[in-house]
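# give me a model of this one.
(2 chains)
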Amino acid sequence: MLVQKYFPSERMVPEKDMDACGLFGVMNISGRRFGGEMAINAIKNMKVRGSGLGGGFAIYGLYPEYKDYYALHIMFQNQNLRAKHEVEAFLKEHFYVVYDEEIPTNPEINVFFPPIVWRYFVAPQKKSEDQTVTDDEYVVNKVMYLNTCVEDAYVFSSGKDVGVFKGVGFPEEIADYFMLDKLYQGYIWTVHSRFPTNTPGWWGGAHPFNILDWTVVHNGEISSYGTNRRYLEMFNYYCTLHTDTEVLAYAVDLLLRRQKLPIELVARIFAPPMWETIERMDKDQRELYTALRMTYAPLLMNGPFTVIIAHHNEMVGLTDRIRLRPITAGAKGDLVFLSSEEASIRAVCPDLELAWTPPGGEPVVVRLHSRDHLLSLNKSI
Amino acid sequence: MNGLNVKFGMRDNFLDGLMPVSKLLEYADINETKAVIDARGLKHKELNDLLRESLQHGVSRIVINNVFGQRYIGTRLYDPGREKVTIEINNFPGNDLGAFLNGHRIIVHGNAQDGVGNTMDAGEIIVHGRAGDVAAMSMRGGRIFIRDNVGYRAAIHMKEYRDKVPVLVIGGTAQDFLGEYMAGGILILLGLTLQENDLHRANYIGTGMHGGVIYLRGHVEQHQLGREVGIRPLDEKDKEIIRNYVVEYCRHFDANPEEILQGPFIKLLPVSKRPYGKIYAY
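So this is what the prediction gives:
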């Protein structure tokens, strides 16, 4: 008996347009916090890049009054209060919860099947056997437990002084729903407008993806997802959100936080130079890039992508090595922008001083109190 | 897992809440020969509706102000028998500027994004700035002049047929895969944004190229070229083609043609008309 019943696939959506997601990021390199107006208006300007099936924001410098505590944003799907009780019992056992509240939302904004979204400010409460584990490692383990073992509960974000707000809708609707422009300020804002093509549009599948203070927004398709996911499972990262971008967030956490590699090298792991380019390098470089490609082959991100990766003090834009997805960087004074389209930077910053487009695989690294983003300028157009 | 929202959440981001033309006319000031449009806040379909409306009023010149990323500007202006118009854009048009352009002239006072002149048929696009990726993609006629640099895959699958020979002139340099799968037409890269002995930025130039010609001013190394192209010396006919388009480039952007014409120029031609013929033959 081959086919008992015809199951319509969730992945085959009628009248599906193929298009691309929209990304935008803005950082004040002197660390001054600002409101969401630029991020919201810029992504609104790229409305055609999204389909209304996902939008989200990551904000750094969000909770200065709680900056020593991990801020857990947790969503409970299907209004599942049993999941909430289960999560809270778990948190009580493994953390000191210093404050918690429902994330305020605007009831006048219509969004699609909103879940309950709650935030908890916590500090690890380690048992004797956990004493050797670092705080960060401890939190990652607990987040992985919640994501994989508690049905209908998903941790949106788990960093200190950072938060992710996301859901199903256009990003400006998500911003209105969570009242981002009225309630919050930060020194980095990244935002994503989603056009899901091969994976479902649901609240947990919206970008940004987060683990600790790392966030990733992504445009494209990681066709190496299977290889990447299996490799990451060896390091105790489990993908539960049904979308390819998740592997990037965990790969970033593995390489940058746990293995302490600089972002410039991590960019070469995700988007390595071609072998024939490596052959033409001088000996030191050739050995380095050969070693990177051989050691980290399972973390090569294949397929078209542009990502904006952020954590405290840093925002990085990167495309795949043959740039199958667009990126433009811009700068004016202390503000540095990364965007899918130049026009949306211009729309929110009409007197922009610089606009440039790096070659594929070349990261634009925006750092606090530095001008490192200009390093990519002379390789760009 | 809530998969239902894929089906019920589907939104039409192109056609939701569009203004009718009668309302759109408030954004335009149309007199006998000229229309001025304020594009702030207009969606791309609304802007193109207004362009078509202006065309049918019989104007010869359209100025669009406050353009921030609206796509497909100048498409859908096919109206045989009517005089062609000049469209001036201030300042930042979106993707696929002049897609399927049908003989009109577009002047951009700013940077253009990806897909300038996508499958353009006839007319002219002049960009006083730079352009993004896939400029002149599948272009089949007309001319595009870009003052500064372009991104990846410029002139990808440009084509020609008899007297329809598209031309792309780039004042600066280009990123990788310049002239990829090029099947016809003329591509001129002037390298004016580079220092004297700099190499062009592009690698994999002419990968899969099987028709047309690339004239390249400045320096490239052999490894920057795709396997399907070879360097050839210029003959008198080539020099005349280059002169004509360089003079025109300089007229648009106020540069000195004699200085540019000193070169050095090389010519890149495909080595085969069917580079992949053997791969798929079995």
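
# so what's the nearest residue to residue A:59 once chain neighbours are set aside bridging to?
Leaving aside its sequence neighbours, residue A:59 sits nearest to residue A:186 (Cβ to Cβ, 6 or more residues apart in numbering or on different chains; 3.8 Å). Glycine gets a C-beta too; all of them are placed from N, C-alpha and C. Per DSSP bridges, residues listed as beta-bridge partners of residue A:186: residue A:34.

# what separates residue A:186 from chain B, distance-wise?
Relative to chain B, residue A:186 is positioned 24 Å away (Cβ to the nearest Cβ, to the nearest Å).

# same deal with residue A:76?
Counting by Cβ to the nearest Cβ, the gap between residue A:76 and chain B amounts to 12 Å.

# list the contacts for the closest residue to that residue other than its chain neighbours?
Using Cβ to Cβ, 6+ apart and skipping the chain neighbours, the partner closest in space to residue A:76 is residue A:116 (4.3 Å). Contact analysis of residue A:116 by Cβ atoms under 8 Å, 6 or more residues apart in numbering or on different chains lists A:75-76, A:79-81, A:84, A:102.

# from those, which land in strands?
Restricting those to those inside strands, with DSSP state E as the criterion, leaves A:75-76, A:102.

# drop anything exposed from those.
A:75-76 (16 or more other Cβ atoms under 10 Å in any protein chain shown).

# export the ones in strands among the contacts of residue A:116 to JSON lines and tack on distance to residue B:50 and pLDDT?
Output for those, formatted as JSON lines (distance: Cβ to Cβ, whole Å; pLDDT from 0 to 100):
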{"residue": "A:75", "distance to residue B:50": "43", "pLDDT": "94"}
{"residue": "A:76", "distance to residue B:50": "47", "pLDDT": "94"}
{"residue": "A:102", "distance to residue B:50": "45", "pLDDT": "96"}
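
# and which of the ones in strands among the contacts of residue A:116 is nearest residue A:165?
Relative to residue A:165, the closest of the ones in strands among the contacts of residue A:116 is residue A:75; by Cβ to Cβ it sits at 10.4 Å.

# please look at the closest one and residue A:157 and confirm they touch.
No - contact between residue A:75 and residue A:157 fails when scored by Cβ atoms under 8 Å: they sit 10.2 Å apart.

# just give me the neighbour total for the residue of chain B found nearest chain A.
Using Cβ to the nearest Cβ, the single residue of chain B nearest to chain A is residue B:69, 3.0 Å away. The criterion is other Cβ atoms under 10 Å in any protein chain shown. On that basis, residue B:69 has 26 neighbouring residues.

# list the contacts for it?
A:45-46, A:341-344, A:346-347, B:92-94, B:113.

# let's see it at 6 Å
Residue B:69 makes contacts with A:45, A:341, A:343-344, B:94, as judged by Cβ atoms under 6 Å, 6 or more residues apart in numbering or on different chains.

# who in chain A is up against chain B?
Proximity of chain A to chain B is assessed by Cβ under 6 Å from any Cβ of the partner chain, with A:10, A:13, A:45, A:47-48, A:51-53, A:112, A:168, A:200-202, A:323, A:326, A:341-344, A:346-347, A:357, A:359, A:381 identified as the residues in range.

# run through who's touching stretch A:52-70.
A:33, A:71, A:98, A:121-123, A:139, A:158, A:160-166, A:168-171, A:174, A:184, A:186-194, A:196, A:201, A:206-208, A:215, B:9, B:11.

# which among these end up buried?
Burial of the contacts of stretch A:52-70 was assessed by neighbour count (16+ other Cβ under 10 Å); the buried members are A:33, A:71, A:121-122, A:139, A:158, A:160-166, A:168-171, A:174, A:184, A:186-194, A:196, A:201, A:206-208, A:215, B:9.

# show me those that map onto strands.
Helix and strand membership here follows DSSP E; of the buried ones among the contacts of stretch A:52-70, those in strands are A:71, A:121-122, A:162-166, A:188-193, A:215.

# tell me the one of those nearest residue B:74?
Where these are concerned, and distances follow Cβ to Cβ, residue B:74 has its nearest neighbour in residue A:193, at 25.2 Å.

# residue contacts, the closest one?
Residues counted as contacts of residue A:193 (Cβ under 6 Å, 6+ apart) are A:22, A:43, A:49-50, A:55, A:171.

# separation between it and residue A:97?
Residue A:193 sits at a distance of 33 Å from residue A:97 (criterion: Cβ to Cβ, to the nearest Å).

# and if you look at residue B:183?
The value you get for residue B:183 to residue A:97, if Cβ to Cβ is used, is 65 Å.

# same question for residue A:338.
Relative to residue A:97, residue A:338 is positioned 35 Å away (Cβ to Cβ).

# of the two, who's got more company?
Comparing residue A:338 with residue A:97 by other Cβ under 10 Å, the one with more neighbours is residue A:338, at 27 against 16.

# doesn't residue A:256 lie inside a helix?
Yes - residue state for residue A:256 (DSSP: H, G, I helix; E, B strand; the rest coil) corresponds to a helix.

# where does the stretch 151-300 of chain A have low pLDDT?
Scanning the stretch 151-300 of chain A for pLDDT under 70 picks out A:198-199.

# now residue B:94: which helix or strand?
Element membership of residue B:94, judged by DSSP states H and E, is empty: it is in no helix or strand.

# closest to residue B:195 out of the ones in strands among the contacts of residue A:116?
Scanning the ones in strands among the contacts of residue A:116 for proximity to residue B:195, where the rule is Cβ to Cβ, the winner is residue A:75, at 53.4 Å.

# so that closest one sits right up against residue A:153, yeah?
No - with contacts defined as Cβ atoms under 6 Å, residue A:75 does not count as touching residue A:153, sitting 7.2 Å away.

# ok so, going back, nearest to chain B among the ones in strands among the buried ones among the contacts of stretch A:52-70?
Taking Cβ to the nearest Cβ as the measure, chain B lies nearest residue A:193 of these, at 9.4 Å.

# with adjacent residues omitted, what lies nearest to the closest one?
Take residue A:193 and drop its neighbours on the chain: the residue closest to it by Cβ to Cβ, 6+ apart is residue A:50, 3.2 Å away.

# phi and psi next, for residue A:260.
Torsion angles at residue A:260 (phi, psi; degrees, to the nearest 10) stand at phi 60, psi 30.

# and for it, the neighbour number?
A count of neighbours around residue A:260, defined by other Cβ under 10 Å, yields 7.

# what about residue A:362, distance to chain B?
Distance of residue A:362 to chain B, computed by Cβ to the nearest Cβ: 10 Å.

# my read is that residue is in a strand, agree?
No - checked against three-state DSSP, residue A:362 lies outside a strand; its state is coil.

# tell me the contacts of it?
If you count contacts by Cβ under 6 Å, 6+ apart, then residue A:362 has A:376, A:379 around it.

# residue B:119 falls within a strand, correct?
No - assignment of residue B:119 by three-state DSSP gives coil, placing it outside any strand.
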